[in-house]
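>>> Would you be able to build a 3D model of this:
(2 chains)
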Protein chains: 2
Amino acid sequence: MRIPRRQRLLAVAVAYAMASIGTVSYAADPLPSWNDGSAKRSIVDFVAKVTKEGSPSFVPVAERIATFDNDGTLWTEQPMYFQLLFALDRVKSLAPQHPEWKDKEPFASLLEGDVKGALAGGEPAVAQIVMTTHAGMTTEEFDQIVRDWVASAKHPKTGRLYTEMVYQPMLELLSYLRANGFKTFIVSGGGIDFMRPWSEKVYGIPPEQVVGSSIKTSFEMRAGKPVLVRLPEINFIDDKAGKPVGIHQHIGRRPIAAFGNSDGDQQMLEWTAAGSGARLCLLVRHTDADREWAYDRSSSIGHLDKALDEAQAKAWTVVDMKKDWKVIYPFEKR
Amino acid sequence: MRIPRRQRLLAVAVAYAMASIGTVSYAADPLPSWNDGSAKRSIVDFVAKVTKEGSPSFVPVAERIATFDNDGTLWTEQPMYFQLLFALDRVKSLAPQHPEWKDKEPFASLLEGDVKGALAGGEPAVAQIVMTTHAGMTTEEFDQIVRDWVASAKHPKTGRLYTEMVYQPMLELLSYLRANGFKTFIVSGGGIDFMRPWSEKVYGIPPEQVVGSSIKTSFEMRAGKPVLVRLPEINFIDDKAGKPVGIHQHIGRRPIAAFGNSDGDQQMLEWTAAGSGARLCLLVRHTDADREWAYDRSSSIGHLDKALDEAQAKAWTVVDMKKDWKVIYPFEKR
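Numbers count the residues shown, from 1 in each chain, chains lettered A, B, ... in the order given. Below you'll find the model as predicted:
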């Protein structure tokens, strides 16, 4: 059989490309920022098991669904949830248009730099701050507001962009799962429209694979142009028992792997674990006060108590940040 | 440079495979059930335009989102919406457990075979039928109920399974778009959990790409096992102005192509058209009383009136089923 010269050259190129792909994916460690240990081993073993054709625990590609909490699981959530820091910054930006805020809580305290005082009003105060800063504009306007903030706002402790404060080991885990045919989703208590403007660039997770809390929107015509207006009304809270509900609503199948770090993720992990076949349920435990933060049972942010008990009782994987992770943030790498 | 014999053989095989793939995708008509005409041309021209790298109308793969209405766009919706036929069948199955229905409308009429009488109660009657048949069980139980019905129930006119009454030209269109890097979604007024059990097999659309109307669910522990229970309470109506809202909620980006057949799709097409760059907005018009049904402005099912005016005013693509489609259903093909 004769093959024309151009096809022969192409074939050689393809053969070389395949050989080099082979080298990369088999030889290199797909999780280089993870120390060897039980956490890393449980991940690698699980992936090997569900991807091995012919094995009883094999899972077809279409069913390889993995869900990730965001705050405290993919990025830092201290000294407070980043979305709340966004809202506080937004109050400051909007203040010139709201002279009445000077005498109105929680805004008055906030504008004097007294965050603690502002949040002393509890949930109603937070709700007022969130609705004031997240509603009233179109979805396109809000998208731009978030993009602008993410591109410029700096974390109070590290001085880094918030999107730099993502966990390098988790970025590797996301890539590793996707390279093995998984579809990766965010399932977060955070705002769905707060995460979507940057989730694709930062995590490789496109907007249609982001599940989160939301406010209602309304379709309107403005000057002949259709817009979606963000209303000051809760649509859905994607936290605790809401996470399996959100997963069912958006994904419509049960994950085979789920990743969280707090009691807010407990029901997501239970829902994932309750399916038949191999499952991976993993909690990130914040144990590194030097490189990140250390907190669990007594923290109001990222409260981890009942879920930790259940993880220990059911032998879910618990990541000890300090021991299991070689680096925390991408910017630590040389 | 020397290549080992095994790799050389592999390379030759790959080269042949690539050459033959090339032949298939360029030579064969990807829309063989579509007659040549303006509708087919507008589809092919649009796809060529957005996939041509370097062209000003090029759209990156991640943004190639196409949304399809289901009833009357992907499958038949006559003599009434198939989901309503499912509900009526379900009432009959449940009747032995509900002796009280004999004296209670709308059930009494239904059980006597008087569908028209049962539906005379209008929306409250329909809502009662839907809630009785769609709520009260777990999501897994409902999934199985739908699977069983879809595998056995027959259409009253053709005697075919409902999932055989899908439009062959639209199946080709779905495949054609996907082969060109599009992600295809259903955005339907029908129930999200009524469509998901069969959408992947029938349309190649996985559950996470189905958007539809829904009732609320609640996460519960039953005998130590977590379940989601379907509640008799509307969560979301994915119709008319609800369609752009559902698209935003589930997909989080604006489609560049949208396909519908009724006034219920008008806002989805408007929302799609209002984005910048090349757009394809298409309405299927039911004009074939012999092979399918003919109805539009005066029909209560698949009512097509204002959207048709807008399509004509804005030069959206209107498919004339009778003229544009060589075959309607897959079973017509020899």
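>>> And the residue of the stretch 51-200 of chain A closest to chain B?
With CB to the nearest CB as the measure, residue A:196 is the residue of the stretch 51-200 of chain A nearest to chain B, at 4.7 Å. C-betas here are computed from N, CA, C, even on glycine.
>>> next one: phi and psi at that residue?
Per-residue torsions, residue A:196: phi -60, psi -30 (degrees, to the nearest 10).
>>> thought it was touching residue A:207?
Yes: here residue A:196 lies in contact with residue A:207, judged by CB atoms under 8 Å, at a distance of 4.1 Å.
>>> Common neighbours of those two, please.
Residues touching both residue A:196 and residue A:207 by CB atoms under 8 Å, 6 or more residues apart in numbering or on different chains: residue B:252.
>>> so where do the strands sit in the stretch 201-334 of chain A?
A:210-222, A:225-236, A:257-260, A:280-287, A:294-295, A:317-320 (DSSP state E, counting those that start in this stretch).
>>> Single out the most deeply packed of those.
Greatest average neighbour count among the strands of the stretch 201-334 of chain A goes to strand A:257-260 (a mean of 29), per mean count of other CB atoms under 10 Å in any protein chain shown.
>>> you'd agree residue A:239 is up against residue A:213?
Yes: counting by CB under 8 Å, residue A:239 does reach residue A:213; the two are 6.9 Å apart.
>>> Show me the common contact partners of these two, please.
With CB under 8 Å, 6+ apart, residue A:239 and residue A:213 have common neighbours residue A:189.
>>> In contact with the spatially most central residue of chain A, which residues?
The C-alpha lying nearest the average C-alpha coordinate of chain A belongs to residue A:70 (CA atoms, centre = their mean; 2.6 Å). Neighbour list for residue A:70: A:186, A:188, A:190, A:195, A:212 [criterion: CB under 8 Å, 6+ apart].
>>> residue contacts, the third one?
This points to residue A:190. Per CB under 8 Å, 6+ apart, neighbours of residue A:190: A:70-71, A:81, A:83, A:212-213.
>>> how about 10 Å then?
By CB atoms under 10 Å, 6 or more residues apart in numbering or on different chains, residue A:190 lies in contact with A:69-71, A:75, A:77, A:81-84, A:210, A:212-213, A:238-239.
>>> Over to the fourth one?
For residue A:195, the contacting residues are A:70-71, A:74-75, A:83, A:146, A:186, A:188, A:202-203, A:205, A:207, A:210-213, B:252, by CB under 10 Å, 6+ apart.
>>> got a pLDDT number for it?
Model confidence at residue A:195, expressed as pLDDT, equals 98.
>>> Could you say which helix or strand holds the closest residue to residue A:87 other than its chain neighbours?
Once flanking residues are discounted, residue A:87 sits nearest to residue A:133: 4.5 Å by CB to CB, 6 or more residues apart in numbering or on different chains. Residue A:133 belongs to helix A:122-134 when elements are defined using DSSP states H and E.
>>> Let me know the average pLDDT across that helix.
Summarised as a single mean, pLDDT over helix A:122-134 is 92.
>>> Repeat that for stretch A:49-58.
On average, stretch A:49-58 scores 96.
>>> and it, anywhere near chain B?
No: Stretch A:49-58 lies out of reach of chain B by CB under 10 Å from any CB of the partner chain, never closer than 17.5 Å.
>>> How about stretch A:281-298?
No: residues of stretch A:281-298 contacting chain B under CB under 10 Å from any CB: none, with a closest distance of 12.4 Å.
>>> tell me how far the ends of that stretch are from each other?
Its first and final residues considered, stretch A:281-298 spans 23 Å by CA to CA, to the nearest Å.
>>> Now find how far off-centre that stretch is within its chain.
Its chain's C-alpha centre and that of stretch A:281-298 lie 16 Å apart, by CA atoms, centre = their mean, to the nearest Å.
>>> Stretch A:81-100 too?
Using CA atoms, centre = their mean, the offset of stretch A:81-100 from its chain centre is 23 Å.
>>> Run through chain A and note the low-pLDDT ranges.
By pLDDT under 70, the weakly predicted segments of chain A are A:1-27, A:334.
>>> what are the ranges of the helices in chain A?
A:5-27, A:38-51, A:82-94, A:107-111, A:115-119, A:122-134, A:139-152, A:168-179, A:192-203, A:242-250, A:266-273, A:306-314, A:321-324 (DSSP state H).
>>> Of those, which is nearest residue B:29?
Residue B:29 lies closest to helix A:5-27 among the helices of chain A, at 25.7 Å (CB to CB).
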